[in-house]
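Novice: One predicted model, sequence on top.
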Amino acid sequence: MKSIFLIGFMGSGKTSVSKALANILHINVIDTDELLEKTYETTISDIFAEKGEDVFRKYETSILKQAPTANTIVSTGGGIVEREENIDWLINNGSVVYLETGWETIVTRLKEDTTRPIWNNAGRDKQKLLEERDLKYKRTADVIVQTDGKSPDMIASEILGVL
Ligand code: S3P
């Protein structure tokens, strides 16, 4: 089986859905953010603060390209579609599922979050970013699943029904 790559905005449920999928399929799950922090022995917040977003994006591309392309569920960072080379790589190497999530749901889920530098950057229009990325997620995905009001298990079953 080709690996399943979950893409979507921050707060779209990629981590929970990846775990639900891995439980059902009894296969490994990895998270590109977690792997990046382990590999570079630092936190995402520190990378943004000390080296900036461009360096983070370089690290993220390198981690993505090392992901197993078979028998694995891969949860990706919300900005994975910011680089065209990542989009090309995903299209060529995985089954890509976009967890399409409405702005209201995202705001509710991330209200208290302090760990995501982009979410916590007051100078950025996150709703506009969602609109821009939505087009890129759709261009990259083999399958689009609407997630508003659904549990991770419901979303996982839906994905497996269409893949
Ligand atoms: C980012 C999303 C985060 C993380 C980093 C940048 C983004 O991942 O990769 O903070 O640009 O949207 P999640 O989507 O898992 O929050």
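Specialist: Looks like it came in fine. Quantities reported herein were computed from a predicted structural model and do not represent experimental measurements.

Novice: can you point me to the longest helix in the chain?
Specialist: helix 126-140 (DSSP state H).

Novice: The following helix or strand past that helix pairs with which strands, parallel or anti?
Specialist: As assigned by DSSP states H and E, the chain's next helix or strand after helix 126-140 is strand 143-146. With DSSP bridges as the test, strand 143-146 is paired with strand 95-100 (parallel).

Novice: Doesn't residue 57 lie inside a strand?
Specialist: No - Residue 57: not assigned to a strand; according to DSSP: H, G, I helix; E, B strand; the rest coil it is helix.

Novice: List the residues that contact it.
Specialist: Residues counted as contacts of residue 57 (Cβ atoms under 8 Å, 6 or more residues apart in numbering) are 79, 82-83. Placement of C-beta: from N, CA and C, glycine included.

Novice: let's see 6 Å
Specialist: Shown in contact with residue 57 (Cβ atoms under 6 Å, 6 or more residues apart in numbering): residue 83.

Novice: now do the one 4 residues further on
Specialist: Neighbour list for residue 61: 83, 86 [criterion: Cβ under 6 Å, 6+ apart].

Novice: so it sits in a helix?
Specialist: Yes - applying three-state DSSP, one finds residue 61 inside a helix.

Novice: The chain should start at 386 in everything you say after this.
Specialist: New numbering, starting at 386: the last item is residue 446.

Novice: Quick check: the gap between it and residue 531.
Specialist: Using Cβ to Cβ, to the nearest Å, we find residue 446 at a distance of 28 Å from residue 531.
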